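Trainee: Sharing a model prediction with you, sequence too.
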Amino acid sequence: MASHKVILLIKKKRAAGLLGSFGYAALTSIGLSPRNTILSMLFIPVLMALSYIALPSIEFAKNREVIDDDINDLVKQSDEEQEEANTIVNSLSRNRLSTDDSMMGAFFDKLSLIRPLLKYMIPLFIVYYAEYLINQGLFELLYFKNTFDHKLQYRWYSVTYQAAVFLSRSSIQFIKIKQLWIFPVCQCCVLAFLLCEVFLQFIPSIAIVFAVIFLEGLFGGGCYVNAFDMGSY
Amino acid sequence: MKKKMKQLEKFWDKHFSVFVVVSYWILGLCNNFAYVIMLSAAHDILSPSNKTSNATTPTNKTNKYDCNDLSTGTILLADIIPGICIKLVAPFFVHKIKYSYRVFLVVVVNACSFLLVALTPSDLQWLIFLGVCCASFSSSFGEITFLSLSTLYSRKLSISGWSSGTG
């Protein structure tokens, strides 16, 4: 029973991006210099090594019979995680098969697999293109002189964005949007708006920019999660 | 010694699902940490002023954007391109390397990336970019390693833990 509870608790936390950027911003806000903050993150490789060591040994796992209890232990995965897991598993097995076949044959096979998925890939591509253009191109240019330090502005823009992505990716159980075209359109509007702001500098307060960045994160995460959801049916 | 191994194996058998899910969740979390940290710290990494202090730097009055020489987009490039390259190339030879060596490589390169980015003085910019490339390499190589390892650990458990951690 304890294992069921642990597993349920763990399943609902999708937080690498949010923890990373929030941790960095929080530690630098407390007063640690950027250099010391990054050095303090050295516990991450250590944690990685420890959790690899904690995994049962490979010989044990190979010899162990696949017991159905393992799979039933996972009390109802959420649909989205189930499909994500299945897609990854399927693509892994496809990759293993392709190393046996001739390279060209497998390559064209893979290309033909992509065609039906294009209607999900194109919106995702546009959304991510706009997103990364804003995040890595425009964040540092959205500089408000009267408020806090420029570096702080950049960091907290990143945290707002990650928080919005985290929120929207968790929302798939409540809201499902089937018209994927909405996301690229909205994301490009956000991109155009922020580009205008960079050139014309008409926004009076930094709070508006934070709100717009939050929206940007919502659209990005929403597109990802809805595309995955639609693509897995 | 054999008795202890048998006890350990019994323990593993009893709590197999918990071990796999928790470990893979932590691995998924840690794997992408370096990538995210590099992007979040991009502005600080590139700024020419002293990285060791958190004091407010004097605002650059001639430049209304107060921007650095290089855009944070260059950090994004350095954070992504090595990853893509290794993902394209690795499946051809990586199966010849033992899992423990691969994980060791991932952990060491990850640690190096943090050290390089934090400790290099700001004028050696190429070394800073090397650190970011190391972070990218370790994230991608780690992803390849752990996902192929997951086939040994009841895929449904390990991959659901991994995707929860990565987010």
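Mentor: Nice, thanks for sending it over.

Trainee: Just the element for B:Gly161, please.
Mentor: In the assignment (DSSP states H and E), B:Gly161 maps to helix B:155-166.

Trainee: where exactly do the helices run in chain B?
Mentor: Assigned by DSSP state H, chain B shows helices spanning B:2-14, B:16-40, B:42-46, B:73-89, B:99-119, B:125-149, B:155-166.

Trainee: Let me know how buried A:Ile53 is, in neighbour terms.
Mentor: A:Ile53 has 11 neighbours, counted by other Cβ atoms under 10 Å in any protein chain shown. The way it works is simple: take the backbone N, C-alpha and C, and place the C-beta from them, glycine included.

Trainee: returning to that earlier point: could you check the angle helix B:16-40 makes with the helix holding B:Gly161?
Mentor: For helix B:155-166 against helix B:16-40, the angle by axes from the mean of the first three to the mean of the last three Cα atoms, to 10 degrees is 30 degrees.

Trainee: Can you report how many residues lie near the closest residue to B:Ser47 other than its chain neighbours?
Mentor: Nearest residue to B:Ser47, sequence neighbours excluded (Cβ to Cβ, 6 or more residues apart in numbering or on different chains): B:Asn68, at 5.5 Å. Neighbours of B:Asn68 under the rule other Cβ under 10 Å: 21.

Trainee: tell me the contacts of B:Asn68?
Mentor: B:Asn68 is in contact with A:140, B:43, B:46-48, counting by Cβ atoms under 8 Å, 6 or more residues apart in numbering or on different chains.

Trainee: Check A:Val165 too.
Mentor: With Cβ under 8 Å, 6+ apart, A:Val165 has these contacts: A:17-18, A:217-218, A:220-221.

Trainee: burial of the residue lying closest to it once chain neighbours are set aside, as a residue count?
Mentor: Counting by Cβ to Cβ, 6+ apart, A:Val165 lies nearest to A:Gly221, which is 3.9 Å off, once chain neighbours are set aside. Residues contacting A:Gly221 under the criterion other Cβ under 10 Å number 28.

Trainee: and the helix of greatest length in chain A, what's its mean pLDDT?
Mentor: Identified as the longest helix of chain A according to DSSP H is helix A:206-231. For helix A:206-231, the mean pLDDT works out to 89.

Trainee: and the closest residue to B:Leu130 other than its chain neighbours, what does it touch?
Mentor: Of all residues beyond its chain neighbours, the one nearest B:Leu130 is B:Leu116 (6.0 Å), with distances taken as Cβ to Cβ, 6+ apart. Applying Cβ under 8 Å, 6+ apart, we find B:Leu116 in contact with B:127-128, B:130-131, B:134.

Trainee: May I see those residues organised as CSV, with neighbour count and pLDDT added?
Mentor: Below are these laid out as CSV (neighbours: other Cβ atoms under 10 Å in any protein chain shown; pLDDT from 0 to 100):
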residue, neighbour count, pLDDT
B:Leu127, 13, 90
B:Ile128, 23, 90
B:Leu130, 17, 93
B:Gly131, 23, 92
B:Cys134, 24, 93
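
Trainee: which of those lies closest to A:Gln201?
Mentor: B:Ile128 (30.2 Å; Cβ to Cβ).

Trainee: rewinding a little: mind listing what's buried in the helix holding B:Gly161?
Mentor: For helix B:155-166, a neighbour-count test (16 or more other Cβ atoms under 10 Å in any protein chain shown) marks B:155-166 as buried.

Trainee: wait, doesn't A:Phe214 sit right on A:Ala163?
Mentor: Yes - with contact defined as Cβ atoms under 8 Å, A:Phe214 and A:Ala163 form a contacting pair (7.4 Å).

Trainee: what about A:Met230, neighbour count?
Mentor: Around A:Met230 there are 15 residues (other Cβ under 10 Å).

Trainee: surely it meets A:Tyr120?
Mentor: Yes - shown here, A:Met230 and A:Tyr120 form a contact pair, counting by Cβ under 8 Å, at 6.3 Å.

Trainee: can you tell me which of the buried residues of helix B:155-166 are up against chain A?
Mentor: Restricting the buried residues of helix B:155-166 to those touching chain A (Cβ under 8 Å from any Cβ of the partner chain) yields B:155-157, B:159-161, B:163-166.

Trainee: Let's have the residues you listed in a markdown table, adding pLDDT.
Mentor: Converted to a markdown table, these look like this (pLDDT from 0 to 100):
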| residue | pLDDT |
| --- | --- |
| B:Arg155 | 77 |
| B:Lys156 | 79 |
| B:Leu157 | 81 |
| B:Ile159 | 81 |
| B:Ser160 | 80 |
| B:Gly161 | 81 |
| B:Ser163 | 80 |
| B:Ser164 | 78 |
| B:Gly165 | 78 |
| B:Thr166 | 78 |
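
Trainee: Take the helices of chain B and write them to TSV, including distance to A:Trp156.
Mentor: Formatted as TSV, the helices of chain B follow (distance: least, Cβ to Cβ, whole Å):
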stretch	distance to A:Trp156
helix B:2-14	44
helix B:16-40	10
helix B:42-46	11
helix B:73-89	18
helix B:99-119	20
helix B:125-149	21
helix B:155-166	23
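
Trainee: Out of the ones you listed, which gets nearest to A:Cys189?
Mentor: From the helices of chain B, taking Cβ to Cβ, the stretch that ends up closest is helix B:73-89, at 21.4 Å.

Trainee: Direction-wise, compare the closest one with helix B:99-119 and give the angle.
Mentor: Using the same axes, to 10 degrees: helix B:73-89 against helix B:99-119 is 170 degrees.
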